[in-house]
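A.B. asks: Got a predicted structure here, sequence first:
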Amino acid sequence: MLQAISFAFMIVFPNLALMGLGFYMKKLGKINANFIDTASNIVFNFGLPCLLFFSVIKSEVNYAEQLPLIIAGFVTTFVLFFGAEIYAKWFVPEVRDKGVFVQGVFRSNMAIISLSVATNAYGAVGTSVGAVYMGIITILYNILSVITLSRTSQNTDFKSQSVDVIKKIFTNPLIIALVSAFVYKGLGLPLPPKPIAKTGELLSNIALPLALICAGATLEVKSMLGLSGVSMQASIGRIIVAPLLAVLVGVLFKLPPVQFGVLFVMVASPAAAASYVMAKAMGGNDVLAANILAFTTVVSMIGLAVGMAWLRALGWV
C-alpha cells in the first residue's frame, strides 16, 4: 500500500506544485492576466498540438488495441451526460444553470490535467494512449456541450451554434494535430529529420508546465470556498460520481492496467477550462461555471491521488 501511495504522490505532486507556483506568482504580481492569456494561447495553438503530434508519431502503441478504452470512454461520457441531464431537469430550477451544471459533471480537463498525470504515471506510452483517447472524446465533448447549452439557454439558436461548434472542431489545433499524426503514422512515413524533431521536442516540453502554471494563476480562493447549491452539486458529480463511474466501467470492460489508468485520470480530472468559455459564449451562467472550475481544479487533484493509490494497491492500474 505504501508503494501505491508513493506512486500516486509522484504522479500528482508535480501538477499541484506547478499550479501552486502559478498561484503564488500571480499573487505576487509576477504574472498578470495578459501573460496568462498569451501563454495559454501559445500552449493551445503550438505547445500542446506539437506534443500530441510527436507523441503519436513516435509511439509504438497498437491503436486497434485501444478500441475497448475508446468504447469505455464513450459509455462513461454518455452515462454522465444523460444522468446529469435527468438530475438537472428535476433539481436545477434556473434555465441558465442547467447546461452549465451538466457540463460541469461530464466534461473533464483532459488536455492539461489528465494528459499530464497520464504522462507522469506511464511515460511516453501514457502520453500516446491519452492523446488518442483525448482526440476522439474531445469531439464528443464539444457536441454534447452544444446540445445541453442550447437546450437550456434562452438566447441561443441551436442551428447557428451547432454550425459554429462544427467549425471549431475542424479548426481546433489539438484535433488537427492528432488527425495529422494519425495520417502521418498510417502512411508509414519516417520520423522527421533530427533538427525538426528536436525543435518539436523543445516546443512540446513547454506545453504542460506552462499550462499548469496558467491554470494555477487563474484560481480564486473566494470562488472555491464559497461554493453552495448548484455549484456544489455539480462539483460532487465531477469529483465523486465521475471517478467512481470510471472505475466501474474499467472493471466491466476488464481494461488492462495502462488503459484502466488512462480512463480513470481522463474521467476523474477537474472540470474543463473550455466549459467556462463555452458557457459564457452560449448564454449560460458563466459565474456558476467559473466556481465549478475553480473548486474542482484543486479538489479533483486530491481525488486523483487517492483514486490512483487505491487502484494501484488493487493492481488494476
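C.D. replies: Received, thanks.
A.B. asks: How about the secondary structure of residue 71?
C.D. replies: Here residue 71 is recorded as helix under DSSP: H, G, I helix; E, B strand; the rest coil.
A.B. asks: Residue 117 now?
C.D. replies: For residue 117, the secondary-structure state derived from three-state DSSP is helix.
A.B. asks: show me the contacts for it.
C.D. replies: When the contact criterion is Cβ atoms under 8 Å, 6 or more residues apart in numbering, the partners of residue 117 are 11, 12, 15, 265, 269, 304, 308. C-beta here means a position set from N, CA and C on the backbone, and glycine is covered the same way.
A.B. asks: any idea which element the residue nearest to the first one when sequence neighbours are not counted lies in?
C.D. replies: To tie it back to what came earlier, the one meant is residue 11. Closest residue in space to residue 11, ignoring its immediate chain neighbours: residue 120 at 4.0 Å, by Cβ to Cβ, 6 or more residues apart in numbering. Secondary structure assignment for residue 120, by DSSP states H and E: helix 115-152.
A.B. asks: Next, the angle helix 115-152 makes with the one helix or strand residue 179 maps to.
C.D. replies: Residue 179 belongs to helix 173-186 when assigned by DSSP H and E. In this structure, helix 173-186 runs at an angle of 120 degrees to helix 115-152, with axes from the mean of the first three to the mean of the last three Cα atoms, to 10 degrees as the basis.
A.B. asks: Quick one: low-confidence residue ranges for this structure.
C.D. replies: Screening the chain residue by residue with the criterion pLDDT under 70, one finds the ranges 1-2, 4, 61, 151-159, 161-162, 164-165, 221-228, 277, 280-281.
A.B. asks: now residue 34: how far from residue 41?
C.D. replies: Relative to residue 41, residue 34 is positioned 11 Å away (criterion: Cβ to Cβ, to the nearest Å).
A.B. asks: Looking at these two, which one has more neighbours?
C.D. replies: Applying other Cβ atoms under 10 Å to residue 34 and residue 41 shows that residue 41 carries more neighbours, namely 12 against 8.
A.B. asks: Need the residues that contact the host helix or strand of that one.
C.D. replies: Taking DSSP H and E as the definition, one finds residue 41 inside helix 33-42. Contacting residues not belonging to helix 33-42 are listed as 26, 206, 210, 211, 213, 214, 217, 218 [Cβ under 8 Å, 6+ apart].
A.B. asks: contacting residues around the third one?
C.D. replies: Translated: residue 210. Residue 210 sits next to 39, 42, 43, 47 when contact means Cβ under 8 Å, 6+ apart.
A.B. asks: Would you mark the buried spots in stretch 32-52?
C.D. replies: Buried positions in stretch 32-52, judged by neighbour count with 16 or more other Cβ atoms under 10 Å: 36, 39-40, 42-44, 46-52.
A.B. asks: er, stretch 238-245 I mean
C.D. replies: Using 16+ other Cβ under 10 Å as the test for burial, stretch 238-245 gives 238, 239, 241, 242, 243, 245.
A.B. asks: The fifth one is in contact with residue 266, isn't it?
C.D. replies: No: using Cβ atoms under 8 Å, residue 243 and residue 266 do not qualify as a contacting pair, with a distance of 10.6 Å.
A.B. asks: Can you name the element that comes right after the helix or strand hosting residue 248?
C.D. replies: Secondary-structure element containing residue 248, defined by DSSP H and E: helix 242-252. Downstream of helix 242-252, the first helix or strand assigned by DSSP H and E is helix 257-268.
A.B. asks: about what we covered before: residues touching the residue nearest to residue 11, list them.
C.D. replies: Contact analysis of residue 120 by Cβ under 8 Å, 6+ apart lists 10, 11, 12, 14, 15, 126.
A.B. asks: what's the burial count for the fifth one?
C.D. replies: The number of residues packed around residue 15, counting by other Cβ under 10 Å, is 23.
A.B. asks: List the residues that contact residue 55.
C.D. replies: Contacts for residue 55 were tallied using Cβ under 8 Å, 6+ apart; they are 124, 127, 128, 131, 181, 204.
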